[in-house]
Every structure is written in C-alpha cells, then in structure tokens.
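J.: No sequence on hand, only this structure:
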C-alpha cells in the first residue's frame, strides 16, 4: 500500500508545484491592414530616427478648429467623431498648428446652442471663431454610398471671410477610413500641404504609413464619446479604457475616463432609478456589458523585442544558428481600473448583498444569470503567440511559438476589488535557422494570438501588441521556464536573487527562487523563500501551494492542510490544491476527508488522472483493502 502511494506522490512532486510569472525597442512597428510585424535584427538595430516631420515653422500662425463632419446616409454614429479625432491627432503631430481643444469646442457649441441640427452656417463660424479665437475651421461631410463605399469631403475655410483655403474629396471603404486610417491620413497630408505646411519625406512617409495603435485609440475614444452622449455610461467607460490601452498618451480619453470612472464608482449608475427591481436590472445589464467587453478585449498587452539574440554558438558544420526573441505579457492597468470602478459603484449602492451580487464580477450572481460573469469565470489567462521570421527577401527562415501565462486572479465573493494579476516574460526560440538565409534586418511577424490571425486582431482591436526593449525586464523578472533554464537552477537562483535586489518586495521572485531551491533539494531555503513570498503577498495562492508541499515532505500534515485550505480559499477552482490536501488527509488516516477532496478535484477537472488514482487508493484504504 505505502509503495503505491509514494509512487503516486512522486508524480505530484513533479507537477503539483507551481512557479508563477511576474510582471520602445529598436524595431519599427507596422500595423496597417495586415499582420502585426516589426523590423528586427540579431544584436539590435541602429536606433531608428525619422528626423523632423515638417519643414519651416509648420504653420505656427494657424489657429484651427476641427469640427466633426456631418454624417449623411447610414454611416456609423461614432464615425464623424472618429474622423474629427484622427484629424486633430495628425495636425498636432505633423505640424505646428494651434488646435482648439475639442472638449472646449463642444462645450462652447452646447452652451451657445449653435447648430443644434449639426449643420453650421457662416454666422455660426463667425460666432465660434470669436469665442475660441479660431481663424480657420475644418468642416466636411462623410456620406455612406452603396456597399462598403463612403465619400469623404473636407474643407478648411477662413472664419472671417468665408474664403476656402484647402479642400479634399475622395471615396473609400470603411476599412480605409477606420480600419487603418489610410484615407484620413491621406486627407491630412493633402490639407496640410494646401495650408502651406510642408512635410519632410520622412514625415510624409510616417503619416501615410499610419499607426494602428493611434487608430484603435481614436476609435475607442469616438465610440466612448458617442455612447456617453446617449446615456450608455458603462459602454462609454469601457471604450475610453480601450483608447487608453492602445495609446496611454491619449490625454482626452484619460480625462474623460477619469471623470466618468469617478462618477460610476460613486454610485451614479442607478441613482436616478427609484424602483429597486429596475435598479437591480440596470446593474445586470451593466454586468453583461462588462462581460461582453472583456471577452472581446482581454485586459492585457503583449510586448515583443525586435532586438534578437543568438543563443549558443553557430553550428559551422550545419551552417545554422539558434535565435531568440524576448516577449512579455502585462495586465492593462486601465482595464482592471475600469472593472474596479464598476465594482466600486456597485458597493456604493449598499445593495450588493441584498441583490445577490456578492460573487460579481468573477463568480455567478444569485439567482444565476447568463452572460454576467466576467472573463467567463477564468482565474488565469494564457496567450499563445505564433511568431514568424522573414528575411529581407520575404523568405520564411523560422517559425516558433510561446505561451505566456498570467498568475491567478485573487478574488473571492465579497471582495471590493479585483487586483490585476502578474504578467509573464520569456523567450521565443528559433532553432536551426540557416545562417545563409540571415540578412542584416529581419521582419518579425506576430502571426496569431490564441489562434486569432493578427490581421483580425488589428481589425477588431482585440488587445494591444507593440514593440519595446525587454532586455532588463526579461533578465530581472523571468518566469520560471524549465526549457529556458534547462535544469540550470543555479543560474535561475542568480537571476531571481538579482530580481530581489532590484525589488525586495517582489513576491514572485521569492516564490520562483524557492522553486529553484526546491529542485536542488534545498528545502530549508525553499521554505524560507515561500514564507517570504506569502508575507509580501498574502493573497498569492501559488506560494501557499508550494510551501504546503514542503510541509508534506516533512510529514507535517496539519500545517500542509492549513496551507492547502488557504489555497482553496484564494483559488477555489485549483484542482491541485484539493488533490494535495487529500493526500495530507490520507496520511492522517482521515479517509473520508481525503475522498471528499479527491472528488472535488475531479469535479473541477474530470480528466485529472492523478486525483482519480489517489481516490481509488483512499477508497480501498477505507474499505480495508490496503
């Protein structure tokens, strides 16, 4: 009997301990219509500098007010606001033009009751010009034609004389307008030139190439403004969040988000609803909107470093080399802040318990209502990146993938916030790359994330994917990658020791160093590191799980049970914790509790073979067969 249990436990020793993750490069990033890619090179590219974007003074004497174009036909409601925003962005970046702040412009138009029908007269322009000191106005129309075709007409006029200074007219698809902003960028370049702002060759190339992150940010901002104007505050909150996710420098989105977030967290969502049932229904609709948004846009971002590194020596006989690329997964601060703003607003109602909402956002409400659980009830997140390397002739010279796993979410029913989990960092390995195929620069293509092609990721704004310098981050915050360390636990210990020196409060570094010590059979140091990790982060279930196994190895079953019970409290869907606690109960001859724990593990994961084997052993022991 004992031998069978020990053999089963050896599998638990190998698999039941978790090492969790902890949280601009030289490449030029491309988004556009197609795949997400960047220029890269082994050892790093020379610093990319576009130089000046315009010549001369860039139109410094021009004071311009950009108005949202009038929508004609069945154009999406947010589209004029998006066009206005991207035009503002382009004129600001590629010229020295003074722009009237959009929020201030909207406020003046509303207060003066100007153009209530969205159509401006010459008298309106004169009035707005006097109030904003704007010399020129950019106005226009965007008209839905047949199929996917749109007509964009823009003009710039002098507010005092009515003289037209610049004009642009062209048809294009919705994708050319919103998908990559190509038509808006072309219009911006043309209008700037007509106003006397001469772009440099680098400036014009940059403007016409576009920036996917900026386009996605302006789309989110426009949808947020439109939603908020119609009273859909929750939808607006998440769209502003999306704008910040893609462009953290988006000042207008940040300002609008802060105001709206404060309002919602203060309980404004249902404050005007007197009927209790209607107020509860309003919150259920907000929950469904939150679940929909985060299912379509997980609150994480991926960064990849185009400065590739060579691993090991060149194989001169095979004429091949092994390359690697650094990559990191980080939670979106704005995303989790928006979720917590909604949770804070729910708390402010004082009705969370009465309404049966103590489990929201990560657990079911009572009674259970479909579509309300955020993240579909997942406690952690995995993102599989498929990456392709191309040389300068476009030949594929390497393909690889990596799966980045976040740490577990630490939330139990009644908690007033959902802390953002820790991210991960690691290396994508390209083995056996033919040296003869290498060129001075390479193109790194993120082909897919979780099976979603990157062109689709670009189109729907799934998550932010961008380039960055990750050398220090990967060195200091490496997640425990057994493939990367290849059993070299001394090197792992050195890495995590350095990480601890840089941040003595990094609980994950202590946990992962403890894991390395454990694999060197240095249980005392492993125990000390796990204990310190728990002290720094009492809600980290991973460290309790790992320390629990140290207790098991010392036959201290009561303390092991206490640690695994805490794991279950923090991560109720973690099947390993039930299995490990069941083993502790089994060794105390408490077969009923052992059986109950093994059954709980199987309920969470019916394919958990180890728990099924342990259950049979415990049932046999109870029946006196062992």
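T.: Yep, it's here. It should be emphasised that the depicted structure is a prediction, and the values quoted were computed from it without experimental measurement. Residues are numbered from 1 along each chain as shown.

J.: Where does pLDDT dip in the chain?
T.: For the chain, the stretches with pLDDT under 70 are 1-35, 43-51, 113-120, 270-274, 472-487, 625-626.

J.: Longest helix of it, counting residues only.
T.: helix 276-296 (DSSP state H).

J.: quick one, what contacts residue 567?
T.: The contact partners of residue 567, by Cβ atoms under 8 Å, 6 or more residues apart in numbering, come to 541, 544, 545, 548, 574, 577. (Glycine included, C-beta is placed from N, CA and C.)

J.: I meant residue 559, not that one.
T.: 548, 551.

J.: how much space between it and residue 366?
T.: Going from residue 559 to residue 366 by Cβ to Cβ, to the nearest Å gives 35 Å.

J.: rewinding a little: ChimeraX command for the buried members of the contacts of residue 567?
T.: In ChimeraX syntax, the buried subset of the contacts of residue 567 is picked out as below (16 or more other Cβ atoms under 10 Å):
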select :541,544,545,548,574,577
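
J.: what's the farthest-apart pair in the contacts of residue 567?
T.: Greatest spatial distance among the contacts of residue 567 (Cβ to Cβ): 548 and 574, at 11.6 Å.

J.: For the nearest residue to residue 496 once chain neighbours are set aside, pull up the helix or strand it's in.
T.: For residue 496, ignoring the flanking residues on the chain, the nearest one in space by Cβ to Cβ, 6 or more residues apart in numbering is residue 513 at 3.7 Å. Element membership for residue 513 (DSSP states H and E) is helix 507-519.

J.: Need the contact partners of the longest helix of the chain.
T.: Contacts of helix 276-296 (Cβ under 8 Å, 6+ apart): 234-235, 238, 269-270, 273, 335, 339, 342, 346, 349, 351, 355, 357, 360-361, 365, 369, 371-376, 460, 462.

J.: what's the spacing between that helix and its chain's center?
T.: Taking Cα atoms, centre = their mean, to the nearest Å, one finds the center of helix 276-296 at 21 Å from the center of the full chain.

J.: Need the outlier residue of the protein, farthest from its centre.
T.: residue 624 (53.7 Å; Cα atoms, centre = their mean).

J.: Assign a three-state SS to it, would you?
T.: coil (DSSP: H, G, I helix; E, B strand; the rest coil).

J.: Can you give me the buried ones in stretch 97-107?
T.: The neighbour-count check on stretch 97-107 (16+ other Cβ under 10 Å) flags 97, 98, 99, 100, 102, 105, 106 as buried.

J.: Wait, a helix at the last one?
T.: So the one you mean is residue 106. Yes. Membership of residue 106 in a helix is supported by three-state DSSP.

J.: on that earlier part again, which residues does the residue nearest to residue 496 contact?
T.: Contacts of residue 513 (Cβ under 8 Å, 6+ apart): 492, 493, 496, 497, 500, 529.

J.: number of nearby residues for residue 525?
T.: By the criterion of other Cβ atoms under 10 Å, residue 525 has 15 neighbours.

J.: what sits against it?
T.: 514, 517.

J.: And it, how far from residue 562?
T.: Distance from residue 525 to residue 562, by Cβ to Cβ: 21 Å.

J.: and residue 76, what does it touch?
T.: Contacts of residue 76 by Cβ under 8 Å, 6+ apart: none found.

J.: and it, which of the three is it?
T.: Residue 76 is classified as coil under three-state DSSP.

J.: for it, phi and psi?
T.: Backbone torsions of residue 76, given as degrees, to the nearest 10, read phi -50, psi 140.

J.: Quick check: it vs residue 144, distance?
T.: For residue 76, the distance to residue 144 - Cβ to Cβ - is 9 Å.

J.: any shared contact partners between these two?
T.: Common neighbours of residue 76 and residue 144 (Cβ under 8 Å, 6+ apart) do not exist.

J.: rewinding a little: looking at the buried residues of stretch 97-107, which are in helices?
T.: 102, 105, 106.

J.: Tell me the spacing between the second one and residue 133.
T.: Counting by Cβ to Cβ, the gap between residue 105 and residue 133 amounts to 12 Å.

J.: Report how many residues lie close to residue 171.
T.: 13.

J.: what pairs with the helix or strand containing it, and is each one parallel or antiparallel?
T.: According to DSSP H and E, residue 171 maps onto strand 164-173. If you go by DSSP bridges, strand 164-173 pairs up with strand 149-158 (antiparallel).
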